[in-house]
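A.B. asks: sequence first, predicted coordinates after that:
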Amino acid sequence: QVQLVESGGGLVQAGGSLRLSCATSRRTFSISYAMGWFRQAPGKDREFVADITRNSGIISYAESVKGRFTISRDNARNMVYLQMNSLKAEDTAVYYCAAKFTTMYEFWGQGTQVTVSS
């Protein structure tokens, strides 16, 4: 069973920063092809934010967060992080951690709310 647990969300003013964390098991962390972050704002579809492959060789970002967000992983702690800087009101959403074992993201955490006040 794959479990992903997000933390670190909260309320922050525009221009501020937050760091999201995603914890999972050693097995999930070691065999997943990639780990990613997605978000879903009210009334909108879930969208890709960033992801990172197992060996950290390939990192991708959505255009809307490039230069502001940084994804990273700690292989020793089985953790994935999303450092979010220069936050904007439009970054407000529920953020989800996800794991990919094949070609699609199949496993999701419960989500953590990020609210940016303008």
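C.D. replies: Happy to help now that I have it.

A.B. asks: strands of this structure, start to end?
C.D. replies: In the chain, the strands defined using DSSP state E lie at 5-7, 10-13, 18-23, 34-40, 47-53, 59-61, 69-74, 79-84, 93-100, 105-108, 112-117.

A.B. asks: paired strands for the fifth one, with orientation please.
C.D. replies: For strand 47-53, the paired strands and their directions (DSSP bridges) read strand 34-40 (antiparallel), strand 59-61 (antiparallel).

A.B. asks: may I ask which helix or strand of the chain has the lowest mean pLDDT?
C.D. replies: Every helix and strand of the chain was ranked by mean pLDDT, DSSP states H and E. The lowest is helix 26-31, at a mean of 86.

A.B. asks: can I get it in CSV? Just the C-alpha atoms.
C.D. replies: Extracted C-alpha coordinates of helix 26-31, given in CSV (Å, rounded to 0.1, in the frame of the first residue of the first chain):
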residue,chain,number,x,y,z
ARG,A,26,11.2,3.6,2.0
ARG,A,27,9.8,1.1,-0.5
THR,A,28,7.7,3.7,-2.2
PHE,A,29,10.5,6.2,-2.3
SER,A,30,13.1,3.7,-3.6
ILE,A,31,11.0,2.1,-6.4
